[in-house]
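>>> what follows is a predicted structure for the sequence shown.
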There are 2 protein chains.
Amino acid sequence: MSTDSTSAATTGSPFVLEGRPTAQLIADQLREQIVQGAFLPGQQVNESVLAVQLNTSRGPIREALQRLSQEGILVNKRNRGVFVRELTSEDIREIYAVRQALESTAAQELLDAPPETIEETCSILKDTLAEMAKQVAVSDWPAIARLDMQFHTSFVAGTGNSRLIRSYKTLAAESRMCILNLEVSYPRVDVLVEEHQVLLDLLARRDRKALLRAIRQHMEKAVEDLTTQHDKALGA
Amino acid sequence: MSTDSTSAATTGSPFVLEGRPTAQLIADQLREQIVQGAFLPGQQVNESVLAVQLNTSRGPIREALQRLSQEGILVNKRNRGVFVRELTSEDIREIYAVRQALESTAAQELLDAPPETIEETCSILKDTLAEMAKQVAVSDWPAIARLDMQFHTSFVAGTGNSRLIRSYKTLAAESRMCILNLEVSYPRVDVLVEEHQVLLDLLARRDRKALLRAIRQHMEKAVEDLTTQHDKALGA
DNA sequence: GATCGGCAAATTGTTGACAATTTGGCCAAG
DNA sequence: CTTGGCCAAATTGTCAACAATTTGCCGATC
């Protein structure tokens, strides 16, 4: 914790987890921290210390951790504790295969939706993309990773299909964990913005076939980048 | 577990939730009961009574209920309780749209897998189908519904893609809740076996295109059946 | 010197009690 | 007769203490 500014803990402690849905809040907060790399893969997450850190008891913490375990970003070893999941190249392939399936479906549902739905989605995506470009300029990689997934999540959210969204969000969190480790090996981050811009344009133009192809290529490229990076780190 | 009858308690107690992963056990047990219709849609599920019925405390019960809430078969109203989810026609369309996406992906992954993987999957599917035919003969609808989803789940499981499987299992549970209400309006249950046999044959023949088409049609037909049934019940 | 057995520390799993909140009914006022 | 607020019951949300289990270490023995 400490100074990382942006979100989450913010500050430390003056406020005591305001709000109503407590365990959910903790889960969201933790997910954000994990996904941003505040906890290293394989690291143990201790219930008791979290309880005191967040100024609550182990009950809500436990619920939150269990939730994140079910989402797959934590693993629960019986009577041992929960640990931040370590993702293998195989995991990456799995995640992106499912993402491709869901996002392709989202594309089709979106294109069959009323025009105003498409337009509103495009508008949201445009804003996200603009923000991403801004962060690319200052090379804030965690922010870029966040906006990358926000783009895709908003895309899927445009369908309004709550099951699609629910399934996708889980994968989005896992993807952010992957992307985070990609930082060093990405020579030109601006291609990221371009790639997403292509997706947005194709949606706006309602070019179904090209959009589906672009999604597939986007995913395949990501797997390529992530696995090579991953294997390289492993070999080193 | 005796068939239905009263409900949960059944049992009474000869066995006390043996085993190791307790909360998970409770969740599985509850999911099975809910999905079999032991709890009616909209009905409240009380933590305390479950705790005494299952001879445990509220802690594990709570975890199990939260898990099922996250899966979507229960809904959690803050400070009110958890209730069995009531599915609308819109929900049905959502569920089957995602199922189609995931199952199509599973088909493609399976067809790209080594032959022995396909063969083993076919073998499992064949057994399930045989069992289904048996239950059709005696018109045990809950069993048929269970085997229906077991067929599809095994199909997806054949890919070995754990994310795919995880996402699909959730939808499978929701689907069973839908199918259960379909009983009365299904004049010829044997077409169910035939339909699944077609899917199995196409997988065995590795006919990619036809298999994908069959999956799409299977899902579309299901939505058709389920929504008309649902709307009829609503109108009545 | 290596290995097996037991011991202690740490962590999760479980439990029962207490607090907070929502809901429905009841009573009174208009 | 209707409407408004108050009160009580029921249920979940939270908490702190206790129990069970796993792990790694240390010493004794072969």
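That came through fine.
>>> for chain A, which residue gets nearest to DNA strand C?
Checking chain A residue by residue against DNA strand C with C-beta to the nearest atom of the strand singles out residue A:81 as nearest, at 3.3 Å. Bear in mind the C-beta positions are built from the backbone N, C-alpha and C, glycine included.
>>> does that residue touch residue A:43 like I think?
No. No contact is recorded between residue A:81 and residue A:43 when judged using C-beta atoms under 8 Å, the distance being 10.3 Å.
>>> confidence score at the closest residue in space to the residue of chain A closest to DNA strand C that isn't next to it in sequence?
Counting by C-beta to C-beta, 6 or more residues apart in numbering or on different chains, the nearest residue to residue A:81 once its immediate chain neighbours are dropped is residue A:44, at 5.1 Å. Confidence at residue A:44, expressed as pLDDT, is 94.
>>> give the contact list for residue A:44.
Taking C-beta atoms under 8 Å, 6 or more residues apart in numbering or on different chains as the definition of contact, the neighbours of residue A:44 are A:81, A:82, A:83.
>>> what distance separates the helix or strand that residue A:214 is a member of from the centre of its chain?
In this assignment (DSSP states H and E), residue A:214 forms part of helix A:208-235. The gap between the average C-alpha position of helix A:208-235 and the chain average comes to 15 Å, counting by C-alpha atoms, centre = their mean, to the nearest Å.
>>> what is that helix packed up against?
With contacts defined as 3 or more C-beta pairs under 8 Å, 6 or more residues apart in numbering or on different chains; DSSP states H and E, the packing partners of helix A:208-235 are helix A:89-111, helix A:162-180, helix A:190-204.
>>> quick one: contacts for residue A:202?
Counting by C-beta under 8 Å, 6+ apart, residue A:202 has contacts A:210, A:211, A:214.
>>> with residue A:63 instead?
Under the criterion of C-beta under 8 Å, 6+ apart, the contact partners of residue A:63 comprise A:23, A:26, A:27, B:62, B:63, B:66.
>>> ok but it is inside a strand, no?
No. Assigned with DSSP: H, G, I helix; E, B strand; the rest coil, residue A:63 falls outside any strand and is helix.
>>> what distance do you get for it to residue B:182?
Relative to residue B:182, residue A:63 is positioned 35 Å away (C-beta to C-beta, to the nearest Å).
>>> show me the shaky parts of chain A.
Counting by pLDDT under 70, the low-confidence segments of chain A come to A:1-20, A:183-187, A:232-236.
>>> now do the domain split for chain A, please.
A:22-84, A:89-235 (automatic domain parsing).
>>> now those domains in JSON lines, with distance to residue B:70?
Listed next are these as JSON lines, based on distance: least, C-beta to C-beta, whole Å:
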{"stretch": "domain A:22-84", "distance to residue B:70": "6"}
{"stretch": "domain A:89-235", "distance to residue B:70": "9"}
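>>> close to DNA strand D: what parts of chain A are there?
Where chain A comes near DNA strand D, counting by C-beta under 7 Å from any atom of the strand, the residues are A:22, A:23, A:56, A:57, A:58, A:59, A:60, A:78, A:79, A:80.
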